[in-house]
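Chemist: Next comes the sequence, and after it the predicted model I'd like to discuss.
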Amino acid sequence: MNRKILAGVAAIIVISVLGAFYLYSTGGSQTMKEGFENGLGEWVADADVPFNPEDPTRLVEWNITRSTDVASSGKYSLKLFIDGRQDDGTIWVERKIPVRKNARVNVSLSFNFYSGQESFNTIAAVCAYAGVRNPEYEDDFSVVGNANEVEGWKRYGLTADVDTGSSGEMWVALGISVRWETYMTYYVDDVEIEVR
């Protein structure tokens, strides 16, 4: 009886692995979701910001942290803060995703974004990235909307076709880019990535 059970379990494992490999090799889609309820997950904070004119040895203040201030679901979201008084700077979170080598994949990145106020002025741009390079500069990002389009939560997204090359990995990122000389705080929640 134990041999039959072990053989059955082994068969299920083999079929599952072969099925996953088949989906991966033939272009099956993968979906990843993150609500930041248990930490940052695979996401890492990064920035391209200017030096602080009051102390040229340091960059302007910025940070990205988990917060319970507001959330579109659950208890947590990501809080994005930057001292934008230099009218410059982009901050973001990024993550690496394994993909098929030497393939063309379609990537959809979407996320909920919170602004505490609506404004006709463009205070910050909501930006996103999908590609094979690790984003390091403001110019790597596409603007997907204005940060103060509504007071409260709004869904933003980016869709891109990416040639994966030989590395077997790609990057996605999302954040804000300063457009007005002020301190600014925004929130991100319920990120979803689909790779097809």
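Modeler: On my side now, so go ahead.
Chemist: so how far is whichever strand or helix holds Ser110 from its chain's centroid?
Modeler: For Ser110, the enclosing helix or strand under DSSP states H and E is strand 104-115. Averaged C-alpha coordinates place strand 104-115 at 7 Å from its chain's average position (C-alpha atoms, centre = their mean, to the nearest Å).
Chemist: Show me what the mean pLDDT comes to for it.
Modeler: Averaged across strand 104-115, the pLDDT comes to 98.
Chemist: buried sites along that strand?
Modeler: 105, 107-115 (16 or more other C-beta atoms under 10 Å). For every residue, glycine as well, the C-beta is placed using N, CA and C.
Chemist: Just put the residues you listed in TSV and tack on distance to Ser177.
Modeler: Putting the buried residues of strand 104-115 into TSV (distance: C-beta to C-beta, whole Å) gives the following:
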residue	distance to Ser177
Val105	26
Val107	20
Ser108	21
Leu109	16
Ser110	18
Phe111	15
Asn112	18
Phe113	13
Tyr114	17
Ser115	14
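Chemist: Quickly name whichever of those residues is closest to Arg95.
Modeler: Nearest to Arg95 out of those is Leu109 (C-beta to C-beta; 10.2 Å).
Chemist: Quick check: buried residues in stretch 93-102?
Modeler: 93-95, 97, 99.
Chemist: tell me which element the residue nearest the centre of the chain falls in.
Modeler: Compute the mean C-alpha point of the chain, and by C-alpha atoms, centre = their mean the closest residue is Ala173, 3.9 Å away. For Ala173, the element it lies in under DSSP H and E is strand 169-178.
Chemist: quick one: that strand to strand 104-115, angle?
Modeler: Interaxial angle, strand 169-178 versus strand 104-115 (axes from the mean of the first three to the mean of the last three C-alpha atoms, to 10 degrees): 30 degrees.
Chemist: Strand partners (parallel or antiparallel) of strand 169-178?
Modeler: Using DSSP bridges, strand 169-178 pairs in its sheet with strand 90-98 (antiparallel), strand 124-131 (antiparallel).
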